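S.K.: Kindly return the folded structure for what I paste below:
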Amino acid sequence: MTSATLAHRVILAWGWPRRLIAFAAGAVGALAMPPVDALPALAVALTVAVWLIDGAAGSERDGRLASIRAAAGAGWWFGFGYFVAGLWWLGAAFLVEADQFAWALPLGVVALPAGLALFTAFGFALARLLWQRNALRIVALAVGLSASEWLRGHLFSGFPWNSFGMALGDINVLAQSASYVGLYGLSFLAIVVAGSFATLGTGATARARWTAPALALVGLATIAIFGLWRVPREPVADVAGVKLRLMQPNVPQDAKFRPENRERIMSHYLALSDRATSPLSTGVGDITHLIWPESAFPFLLARDPPALAQIAALLPPGTTLITGAARAGEPLPGEVNARYFNAIHVVGDDGTILATYDKVHLVPFGEYLPFAGLLRKWGLRQFVHVPVGFEAGAKAQPLNIRGLPPAAPLICYEAIFPAQVVTRGARAGFLLNLTNDAWFGLTPGPYQHLAQAKLRAVEEGLPLVRVANTGISAVVDPYGRTLASLPLGTDGVLDAALPRSIEPTFYAQIGDLTFFVALGFCFVVLLVSQRLAPLR
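M.R.: Reported below is the predicted structural model:
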């Protein structure tokens, strides 16, 4: 079957065949995300997306609004397939405590993708509004979908997971452009490159068929050449006098928050932290900073003097522990219940808590329950074992740790939000990401989470230190190169130096401004082009 014949069949498809084609195309597109990283899959998906929007022209006889509705319908089915295939692993979290949450499994693997697909529907509709008969329609698709991706990353607390730009963002040589344009700029570029192959099936002449794909490949090669030029051959210099030890305990999620496991978990942490890593190693005596993952304890560390005493006994003089932990705060005036925070504690060698950071961007339904007053009446609660859920910290701010540059603390999924990981005006020296991906087992989820955290390092020009309960723990340089890591699903310790930061990137200085300027420019060009050559 020729590409022209295939394009013709997709364009003319209607009813359920059209919906199934859109769903399947979206599902194929998800293969471009980590850990598969099959970039050609996105080209297949977005080529079909262009043809589906072409097919919405059949509704023009009923009015332009009908055409836009038809495009939005195809976009919803495309997004539904994309998010079901890309986020199916979220269902694992509902099976950690299956007796309580298994009934809600469809909410995670069906209802959430259905909701996220509304953004894709909007993107297709906006693209159709700006549609052209020539190759400029590829730009219309990029404007519509990248705008919808930005909205998905910001509305309703935001969820930019698996944005189309991650098809480039997990390939280091292609990810370097994020230092200028960020994740959403990468999404725009990825959509233009991948969607350009649609003209192979719709061009009237050889030139019309091949010009856009050829330009797309040249553009992709240019992005790669820029990446090769930007990343130095030599390693980044290390911060003097710093030796980190990352401890990955690999504690199963269903055991992690059970109080009866307190002694076993604490003993495991202490023994693993002091493990020798070479014949000459003296365990924790070799290091300056020991780092444990998010929510490390089934108890409140700050209110447990015996645990703090055990930590003090472990740490040699001058060594500091950085650990995740739940924290209880004082009740608000007029209330009797304590407030709980998902926190990072910095603990000195005498067991004293020297500094604390409270997580600001919480996970809906995981760490707190939106519309709690209503949903609790229906018997719903958040996943974490906190009576009324966690509360958000007051504000993001650098965490000062003795012997280290100021850290930008990121607990779990705080690392997925571009332009929000560093406090503006108070540049940190590195990104510190403590997380617990044990909820998701040995699935693509932890790989996708790591890839997004690494892209933040590229965007900001800051090294990343990531410590995860079950993995993947890693030290990443400011160019996004993984210097050392521990594999998913294992316990162990990783000793590493801390790379230095580089000069603030263009993106670190202006954020998404470049993306907005490009989006606005393309929007105007498309509107003017429509005026000059109206779509028939």
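S.K.: Pull up the per-residue confidence for residue 177.
M.R.: The confidence metric pLDDT takes the value 97 at residue 177.
S.K.: contacting residues around it?
M.R.: Neighbour list for residue 177: 168, 185, 186, 189, 223, 226, 227 [criterion: Cβ atoms under 8 Å, 6 or more residues apart in numbering]. C-betas here are computed from N, CA, C, even on glycine.
S.K.: go on, residue 469?
M.R.: By Cβ under 8 Å, 6+ apart, the contact list for residue 469 reads 248-251, 253, 256, 293-294, 296, 435-438.
S.K.: Of those - the most surrounded one?
M.R.: Counting neighbours by other Cβ atoms under 10 Å, residue 293 leads the contacts of residue 469 with 29 neighbours.
S.K.: so it touches residue 253, yeah?
M.R.: No - in this structure residue 293 lies outside contact range of residue 253 using Cβ atoms under 8 Å: 11.9 Å.
S.K.: for the helix or strand that contains residue 340, packing partners?
M.R.: In this assignment (DSSP states H and E), residue 340 forms part of strand 339-347. If you count contacts as 3 or more Cβ pairs under 8 Å, 6 or more residues apart in numbering; DSSP states H and E, strand 339-347 packs onto strand 320-329, strand 353-358, strand 407-411.
S.K.: out of those, which comes closest to residue 72?
M.R.: strand 407-411 (35.0 Å; Cβ to Cβ).
S.K.: Figure out how far that closest one is from the centre of its chain.
M.R.: Strand 407-411 sits 15 Å away from the centroid of its parent chain (Cα atoms, centre = their mean, to the nearest Å).
S.K.: likewise stretch 280-291?
M.R.: Distance of stretch 280-291 from its chain centroid, counting by Cα atoms, centre = their mean, is 31 Å.
S.K.: Check which residues of that stretch are buried.
M.R.: 283, 284, 286, 287, 288, 289, 290, 291 (16 or more other Cβ atoms under 10 Å).
S.K.: Return every residue with contacts to both of residue 293 and residue 253.
M.R.: The contact sets of residue 293 and residue 253 overlap at 436, 469 (Cβ under 8 Å, 6+ apart).
S.K.: what's around the closest residue to residue 305 other than its chain neighbours, how many residues?
M.R.: Spatial nearest neighbour of residue 305, excluding adjacent residues (Cβ to Cβ, 6 or more residues apart in numbering): residue 351 at 7.9 Å. Residue 351 has 18 neighbours, counted by other Cβ under 10 Å.
S.K.: ok, now residue 414?
M.R.: For residue 414, the neighbour count with other Cβ under 10 Å is 24.
S.K.: Tell me the pLDDT of the residue lying closest to it once chain neighbours are set aside.
M.R.: Among residues not flanking residue 414 along the chain, residue 361 sits closest, at 4.8 Å (Cβ to Cβ, 6+ apart). Looking at residue 361, its pLDDT reads 81.
S.K.: so what's residue 361 up against?
M.R.: Residue 361 sits next to 157, 392, 413, 414, 417, 420 when contact means Cβ under 8 Å, 6+ apart.
S.K.: Tell me the secondary structure at it.
M.R.: coil (DSSP: H, G, I helix; E, B strand; the rest coil).
S.K.: Please renumber the chain so that the first residue is 7 from this point on.
M.R.: Fine by me, first position is 7 from now on; the one you just mentioned is residue 367.
S.K.: Which residue ranges of the stretch 157-306 of the chain form strands?
M.R.: Under the criterion DSSP state E, counting those that start in this stretch, the stretch 157-306 of the chain carries strands at the ranges 250-254, 295-297.
S.K.: any chance of those in CSV, plus distance to residue 59 and mean pLDDT?
M.R.: Output for these, formatted as CSV (distance: least, Cβ to Cβ, whole Å; pLDDT from 0 to 100):
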stretch, distance to residue 59, mean pLDDT
strand 250-254, 45, 96
strand 295-297, 48, 97
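S.K.: Dump these into TSV; add distance to residue 406 as well.
M.R.: Formatted as TSV, those follow (distance: least, Cβ to Cβ, whole Å):
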stretch	distance to residue 406
strand 250-254	17
strand 295-297	13
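S.K.: how far out from the middle of the chain is stretch 400-416?
M.R.: Centroid displacement of stretch 400-416 relative to its chain, using Cα atoms, centre = their mean, is 21 Å.
S.K.: end-to-end on that stretch?
M.R.: 14 Å (Cα to Cα, to the nearest Å).
S.K.: Show me which residues of it are buried.
M.R.: For stretch 400-416, using 16+ other Cβ under 10 Å, the buried residues are 402, 404, 405, 407, 410, 411, 412, 413, 414, 415, 416.
S.K.: Same check on stretch 510-518?
M.R.: Buried residues in stretch 510-518 (16+ other Cβ under 10 Å): 511, 513, 514, 517, 518.
S.K.: Can you tell me how far the second one is from residue 236?
M.R.: According to Cβ to Cβ, to the nearest Å, residue 513 stands 13 Å off from residue 236.
S.K.: Then the first one?
M.R.: When Cβ to Cβ is the yardstick, residue 511 and residue 236 sit 10 Å from each other.
S.K.: what's the answer for the last one, then?
M.R.: Distance of residue 518 to residue 236, given as Cβ to Cβ: 20 Å.
S.K.: next one: the fourth one
M.R.: Residue 517 sits 19 Å away from residue 236 when distances are taken as Cβ to Cβ.
S.K.: thinking again about what came up before, got any residues that touch both of residue 511 and residue 236?
M.R.: Residues touching both residue 511 and residue 236 (Cβ under 8 Å, 6+ apart): residue 185.
S.K.: CA-only coordinates of stretch 493-512 in PDB, if you can.
M.R.: Presented in PDB, the C-alpha positions along stretch 493-512 are these (Å, rounded to 0.1, in the frame of the first residue of the first chain):
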ATOM      1  CA  PRO A 493      19.400   0.100  38.500                       C
ATOM      2  CA  LEU A 494      15.700  -0.200  39.200                       C
ATOM      3  CA  GLY A 495      14.600  -2.800  41.700                       C
ATOM      4  CA  THR A 496      17.900  -3.300  43.600                       C
ATOM      5  CA  ASP A 497      19.300  -2.200  46.900                       C
ATOM      6  CA  GLY A 498      22.700  -0.700  47.200                       C
ATOM      7  CA  VAL A 499      24.800   2.400  47.700                       C
ATOM      8  CA  LEU A 500      26.400   4.700  45.200                       C
ATOM      9  CA  ASP A 501      29.400   6.800  46.000                       C
ATOM     10  CA  ALA A 502      30.000   9.800  43.800                       C
ATOM     11  CA  ALA A 503      31.400  13.300  43.600                       C
ATOM     12  CA  LEU A 504      29.100  16.300  43.000                       C
ATOM     13  CA  PRO A 505      29.600  18.000  39.600                       C
ATOM     14  CA  ARG A 506      29.800  21.700  39.500                       C
ATOM     15  CA  SER A 507      27.100  23.800  37.900                       C
ATOM     16  CA  ILE A 508      27.700  25.700  34.700                       C
ATOM     17  CA  GLU A 509      26.600  29.300  33.800                       C
ATOM     18  CA  PRO A 510      22.800  29.800  33.900                       C
ATOM     19  CA  THR A 511      21.400  28.700  30.600                       C
ATOM     20  CA  PHE A 512      19.300  30.900  28.300                       C
END
